[in-house]
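Enquirer: Quick check, what structure comes out for this input:
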Amino acid sequence: MTILLGTRKGLLTIEGQDNQWAITDHAFKGSPVSYAWYDDRTETLWAALAEGHWGAKLHRKRGGNWEELTSPAFPEGTEIRPEKPASVDYIWAIGSGGNDRPETLHIGTVPGGLFTSTDDGQTFELNEALWNHESRDKWFGGGFDEAGIHSIIVDPRDSDHIFLGISCAGIFESTDAGASWHPRNKGLDASFLQDPNAEVGHDPHLLAGTPADPKTFWQQNHDGIYVSRDSCKTWRRVDKSSPYVDFGFAIVADNRDPGEAWVVPATGDDCRMAKDGALYVARTKDSGLNWAKQNEGLPQSDCYDLVYRHGLDKHDDYLAFATTTGNLYVSADKGNRWQRLFSTLPPAYSIQVLETIG
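Expert: Here you go, the predicted structure:
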């Protein structure tokens with residue numbers, strides 16, 4: 001198995017199985033890698049770097065060495081608000097443009113810009129329909145000063161059908177390849193808004209889909225966990241029946257059973273660490289009616305780990321998650337038993353679990 005880990009100090013490639021694991025490559029040493037992704041459509045590695053004063057950088061590797069590409073950029077004169085020029089501060093997500101469009105790539109950024117490339121990353125174009133959406137003045141930052149796009153999911157049956165998770169705005173859907181966008185937040189709570197039932201202004205921490213049923217979506221939200229069975233048109237909250245789950249960032253759905261999902265809970269918005277000091281994963285096998293702790297092999301006291309939204313991933317029966325305190329855990333049996341692979345890694349921003357690369 002292969003694990004790609006985007007961290008504060010570079011991109012780590014980790015390979016192994018059972019009790020034999022090793023770091024086999026370390027790219028971009030010392031630089032924050034905000035997101036890393038292997039695109040199996042084109043056998044390409046993508047890495048986004050958050051270089052602070054020097055801005056967001058995009059790199060690509062296909063077989064040989066890494067090459068830096070021209071990063072997405074806003075058209076000259078674009079403003080977030082009057083007298084506030086727009087610039088790409090952070091690349092938060094990189095996603096497929098669809099199985100039938102291997103040359104198409106979507107990138108989500110802070111401050112809330114969606115960029116699309118139709119030439120394999122050589123050039124990017126801002127999605128003007130989303131940037132100029134009528135609800136834009138209701139968007140605001142969640143974790144950053146400005147709104148950001150962290151989730152990009154393309155319907156495997158129709159590459160024109162795109163879903164986005166935006167903090168803080170909510171879930172948005174396009175059925176026409178991004179020519180128009182519609183908020184899909186019916187049923188979500190938003191305790192931090194003056195109107196908790198507002199159409200826009202929600203804080204989805206992560207949106208997760210499943211190829212088992214392209215109409216089923218899971219969402220770890222600032223206010224609980226939700227599932228949708230109708231392509232995000234309506235949402236049902238599914239965490240209130242369990243004391244084990246509520247606040248958190250990461251969520252992943254099973255690729256064979258749409259009713260099965262995993263989260264890594266945190267104590268709460270005002271205490272962002274392992275819930276009650278005990279690290280565990282929570283799993284549901286019945287669409288959120290019941291949740292069970294999975295903590296075998298995980299520390300159950302004096303634990304301060306937090307898992308960021310892109311810090312949990314799954315491939316077949318393998319799950320892996322990495323934390324802000326340098327721990328990397330893996331399970332080969334859907335989370336029933338965990339083993340810690342490393343404990344001195346940099347804080348982790350993104351993880352991807354693969355059979356192999358190439």
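Enquirer: residues near the spatially closest residue to Phe247 that is not a sequence neighbour, how many?
Expert: Excluding the flanking residues, the one nearest Phe247 by C-beta to C-beta, 6 or more residues apart in numbering is Gly268, at 4.8 Å. Bear in mind the C-beta positions are built from the backbone N, C-alpha and C, glycine included. By other C-beta atoms under 10 Å, the residues close to Gly268 number 12.
Enquirer: Tell me how far Gly268 lies from Lys275.
Expert: 8 Å (C-beta to C-beta, to the nearest Å).
Enquirer: Can you name the residues that contact Thr234?
Expert: 186-187, 228 (C-beta atoms under 8 Å, 6 or more residues apart in numbering).
Enquirer: got a markdown table for the residues you listed, with neighbour count and secondary structure too?
Expert: Output for the contacts of Thr234, formatted as a markdown table (neighbours: other C-beta atoms under 10 Å; DSSP: H, G, I helix; E, B strand; the rest coil):
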| residue | neighbour count | secondary structure |
| --- | --- | --- |
| Lys186 | 15 | coil |
| Gly187 | 15 | coil |
| Ser228 | 23 | strand |
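Enquirer: I'd like those residues as JSON lines, with distance to Thr109 and pLDDT appended.
Expert: Shown next, in JSON lines, are the contacts of Thr234 (distance: C-beta to C-beta, whole Å; pLDDT from 0 to 100):
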{"residue": "Lys186", "distance to Thr109": "26", "pLDDT": "98"}
{"residue": "Gly187", "distance to Thr109": "28", "pLDDT": "97"}
{"residue": "Ser228", "distance to Thr109": "25", "pLDDT": "99"}
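Enquirer: Tell me the one among those nearest to Lys334.
Expert: For those, the closest approach to Lys334 (C-beta to C-beta) belongs to Ser228, at 22.8 Å.
Enquirer: In space, what's closest to that closest one - neighbours in sequence excluded?
Expert: Phe217 (4.6 Å).
Enquirer: start to end distance for stretch 60-79?
Expert: End-to-end distance for stretch 60-79, by C-alpha to C-alpha, to the nearest Å: 29 Å.
Enquirer: show me what contacts the nearest residue to Val307 once chain neighbours are set aside?
Expert: Closest residue to Val307 apart from its sequence neighbours, by C-beta to C-beta, 6+ apart: Val264 at 4.2 Å. Each residue near Val264 by C-beta under 8 Å, 6+ apart is listed here: 248-250, 279-282, 307, 311-312, 321.
Enquirer: OK, contacts around the most centrally placed residue in the chain?
Expert: Among the residues of the chain, the one closest to the centroid is His310, at 4.1 Å (C-alpha atoms, centre = their mean). Residues counted as contacts of His310 (C-beta under 8 Å, 6+ apart) are 6, 35, 93, 150, 206, 250, 349-351.
Enquirer: ok, what's across the strand from it?
Expert: Ser350 (DSSP bridges).
Enquirer: Where do the strands of the stretch 51-200 of the chain begin and end?
Expert: For the stretch 51-200 of the chain, applying DSSP state E, counting those that start in this stretch gives strands covering 56-61, 66-69, 79-81, 84-85, 90-96, 105-110, 114-117, 125-126, 148-154, 162-167, 170-174, 182-183.
Enquirer: The helix or strand just after the last one - what's its average pLDDT?
Expert: From strand 182-183 onward toward the C-terminus, using DSSP states H and E, the following helix or strand is strand 204-209. Here strand 204-209 scores 99 as its mean pLDDT.
Enquirer: Direction included, what does strand 204-209 pair against?
Expert: strand 217-221 (antiparallel).
Enquirer: that older thread, tell me how far the residue nearest to the centre of the chain lies from Asn65.
Expert: 25 Å.
Enquirer: same deal with Trp131?
Expert: In terms of C-beta to C-beta, Trp131 sits 34 Å off from Asn65.
Enquirer: roughly how far out does stretch 155-165 sit from the chain middle?
Expert: 16 Å (C-alpha atoms, centre = their mean, to the nearest Å).
Enquirer: who's in contact with it?
Expert: 97-101, 104, 106, 108, 114, 130, 149-154, 171-178, 181, 184, 204, 206-207, 209, 211, 214, 217, 219, 231-232.
Enquirer: contacting residues around His315?
Expert: Contacts of His315 (C-beta under 8 Å, 6+ apart): 1, 353-355.
Enquirer: My understanding was that Gly187 contacts Val238; is that so?
Expert: No - look at Gly187 against Val238 with C-beta atoms under 8 Å: they stay out of range, at 10.9 Å.
Enquirer: Can you check which residues contact both of the two?
Expert: In contact with both Gly187 and Val238: Tyr226, using C-beta under 8 Å, 6+ apart.
Enquirer: quick check, nearest of the contacts of His315 to Gln17?
Expert: Taking C-beta to C-beta as the measure, Gln17 lies nearest Met1 of the contacts of His315, at 5.6 Å.
Enquirer: Now distance to Gly55 too, for the contacts of Thr234, in TSV please.
Expert: Listed next are the contacts of Thr234 as TSV, based on distance: C-beta to C-beta, whole Å:
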residue	distance to Gly55
Lys186	37
Gly187	38
Ser228	35
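Enquirer: Great, nothing more from me.
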